[in-house]
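A.B. asks: how would this look folded up:
(2 chains)
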Amino acid sequence: MRSARLRAPDTEGRLRVQPAAAVRARRRDTVVRAAFLTPAAVYLLLFLGRPLVDNIEASLRESTATTLLRGRAPFTGPDNHVRLLASDEFWRAAAITGLYTAGSLVAQFTAGLALALFFHRRFPLGRLVRSLMLLPWLMPLVATGTAWRWMLDADDGVVNEALRALHLVTSDVPWLTGTQEALWSVVLVNTWVGIPFNTALLYTGLQAIPPQTDEAAQLDGAGPVRRFRFITWPQLRPTAAVVLVLGVIYTLRAPDVVLALTGGGPAGATQTLAVLAFEQAYTQYEFGRAAATGNVLVLVSLVLALIHLSALRRARRL
Amino acid sequence: MNAPAGPFGRPLAALATVVALVLVVAGCGTGDPSGSARTERVTSLTVLDYYTDTTEHAHWGELLTSCGKKAGVTIEHRSVPGPSLVPTVVRQATAGTLPDLLMLDNPDLQEIARSGVLTPLRTYGIRTDGFVSGIVSAGTYQGEVYGLAPTVNTLALYYNKDMLAEAGVTVPRTWNELREAARATTRPGRHGLAVDADASFESTFQFLPFLWSNGGDEQRLDTPQAAAALRLWTDLVRDGSMSRSVLTWNQANVHEQFLGGKAAMMVNGPWRMTELEKAKGLRWGVAPLPVPRAGTSLVTPLGGEVWTVPRNDSQARRIKAAQVLDCLNDPTSMQTLATWHHTVPSRKDVAARYAKQVPSMAAFVESVRGARARTRELGPAWPKTATAIQTAVQAAVSGRQTPEEALRHAQRTATGS
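C.D. replies: The predicted model follows:
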């Protein structure tokens, strides 16, 4: 975009002296370019723009099952948002979302980075193990959630059984049924789900770093920690930023891991904003309020994406 | 959608034209310009329900087809998953594509009827004499009957005969006996009782018989009667007679616990019986749920799906749909459905006959007689209270709050905005 704008005065200046054939060729060029852009633009408008506009519209009306069935959801302006922001459940869910997201991200990223560094070295069967690593990512989340629900069952889950056998605990850990523990359990499972994604992207980022810089540092006598800090990490940072921002957005908006594990319980202890929106829409039929909750999530994701984009631009300028 | 100016203008406009054409053509195909009953010949009806289970879908398809044949129409039967039924109906209502015959879970009827998209069954001459009063009240909104269910269900107590005999206890009839029996049948790796206390409406459904039979009321949750009912559950967990994992079990999981011999008793519905009958080596029985004290009457929540005729502009279609609905609710159909799915026929005389034929269903038939519709008192406001009750159950069972605190909080959220 920017390069095109920079060239614009130059082309315009030349246009005046060009023959008609060249003008026609240029016009055809524009049409072809537009034709290439059209599918993407239509797709974006239809499948992303339209639902977004619909969501905003629903959030500004009293959209419930009754009003929608009657065919006239009265316009209430910011009412849904005001009531949402005034409710305790919203702020509780927001705090839980914060803990859930932060916990999942720190754990996913740390483990993912460690594994990426590990696989970066060549060793026998490394490729095979690396592709097996992707399995948790490929598994349907409902299956993952159900399997973990069995494993974390307080009475006869394999996790507690193992802990008992190793004499690490005296009484069963209420992984999913304790109001304190449940949140950490969903963080644990979400971390497990997210590690392959982090590993895969960070691994690719590592592969893109020219090995010469590292070798030079090695020749200069830098140890592995210093080499990571001053050579690898600065070059990996753009990739890390992408991984983190995508991770935050994904964790914020997806209710599936929590729904499959605890359904938001016990007593709302794992009710993130995404789960709250799901519940407002599908059990309370308060579509307007659910849309307002959705808007908050979209807004937070948007702000993060903008920060991410501006960070990338700054990095490129350096 | 406005077509933006610039190079995208023309392709978008073309696309819009195509879309508009498709819509117009489709509209002509299904539209009903006449709306007159005499001139229009109805040959097929659309039906929407949530029977997505393969066997159930096939069963209902069979019954609907045979009822359709009697009315001289073919049936287009479509099922969507339970949680998306109401959102689907909302979408169809705004698009004007509601089915001719619509099934609804009975607690959802009030909200849909209130919005005016259903037609009163009285206008088609459908009568409700002889039906269990609970189901009629579930299908009634402001004095008009909008929905009728061929069969209904409720909850009862399943027990493992061998485990009870081994512990030397009889089938519990009162809460004290229940606590005693649950304690006596608890062994390492096994709990006396399993219920559903998960984060969904299923746990509300399971808690209601305890709340109602103790004189508790959904309009006032912060009463000593309600607290005593919730305390029964928390005490069972504290005893170790009930696992804390009830907080994550849905009704299907509760059934698995019982089936696997990990629970000596469970609270569950009759729809589990088909599978229990297949289980080899498991000797089980069903009894009405225990009541607080000997002599108190049992009040259980009524489950089941009602059939309705949505409003549309073709009287002929609605009349045909009502004929099919009437056929679904006739004694033969309900007997067939009851046998297929282990549900209770909603006509009292058919139910009584059925209980004699299938003795294991007697407890359910008996409980259905006094069963109460969840929406009887609160009508369309029920979902909000149901959520409050479910949260209170979870807060108390997990030990985050005492039963009293949990129910006080529930009362505040149920009545607040």
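A.B. asks: next, residue B:156: phi, psi?
C.D. replies: phi -150, psi 180 (degrees, to the nearest 10).
A.B. asks: let me know whether it touches residue B:365 as I believe.
C.D. replies: No: with contact defined as C-beta atoms under 8 Å, residue B:156 does not reach residue B:365; the gap is 10.0 Å. Using the backbone N, CA and C atoms, a C-beta is placed for each residue, glycine as well.
A.B. asks: between these two, which one's more packed in?
C.D. replies: residue B:156 (26 against 23; other C-beta atoms under 10 Å in any protein chain shown).
A.B. asks: and that one, how far from residue B:285?
C.D. replies: 10 Å (C-beta to C-beta, to the nearest Å).
A.B. asks: which residue packs closest to residue 144, ignoring adjacent ones?
C.D. replies: Because you didn't say which chain, this covers chain A. Distances taken as C-beta to C-beta, 6 or more residues apart in numbering or on different chains place residue A:193 nearest to residue A:144, at 6.1 Å, with adjacent residues excluded.
A.B. asks: actually chain B
C.D. replies: Counting by C-beta to C-beta, 6+ apart, the residue nearest residue B:144 is residue B:120, at 4.1 Å.
A.B. asks: tell me where the model's unsure across the chain.
C.D. replies: No chain in the question, so chain A it is. A:1-18, A:317-318 (pLDDT under 70).
A.B. asks: oops, chain B please
C.D. replies: B:1-39, B:417.
A.B. asks: where do the strands sit along it?
C.D. replies: B:44-49, B:74-79, B:101-105, B:140-141, B:144-145, B:147-148, B:151-152, B:156-160, B:191-194, B:263-268, B:284-287, B:305-308, B:344-345 (DSSP state E).
A.B. asks: the third one near chain A at all?
C.D. replies: Going back to what we said before, that points to strand B:101-105. No: against chain A, strand B:101-105 shows no contacts by C-beta under 8 Å from any C-beta of the partner chain, the least distance being 11.2 Å.
A.B. asks: can you name the residue of the stretch 201-318 of chain A nearest to chain B?
C.D. replies: Ranked by C-beta to the nearest C-beta, the top residue of the stretch 201-318 of chain A for proximity to chain B is residue A:265, at 3.1 Å.
A.B. asks: dump the residue contacts of the nearest residue to that residue once chain neighbours are set aside.
C.D. replies: Ranked by C-beta to C-beta, 6+ apart and with sequence neighbours excluded, the top spatial neighbour of residue A:265 is residue B:199, at 3.1 Å. Residues near residue B:199 by C-beta atoms under 8 Å, 6 or more residues apart in numbering or on different chains: A:262, A:263, A:264, A:265, A:266, A:267, A:268, B:247, B:390, B:394.
A.B. asks: state the distance from residue B:199 to residue A:268.
C.D. replies: The value you get for residue B:199 to residue A:268, if C-beta to C-beta is used, is 8 Å.
A.B. asks: quick revisit: how near is the residue nearest to residue A:265 to residue A:220?
C.D. replies: If you go by C-beta to C-beta, the gap between residue B:199 and residue A:220 works out to 58 Å.
A.B. asks: same thing with residue B:345?
C.D. replies: For residue B:345, the distance to residue A:220 - C-beta to C-beta - is 87 Å.
A.B. asks: same check on residue B:366?
C.D. replies: 87 Å.
A.B. asks: good, we can wrap up now.
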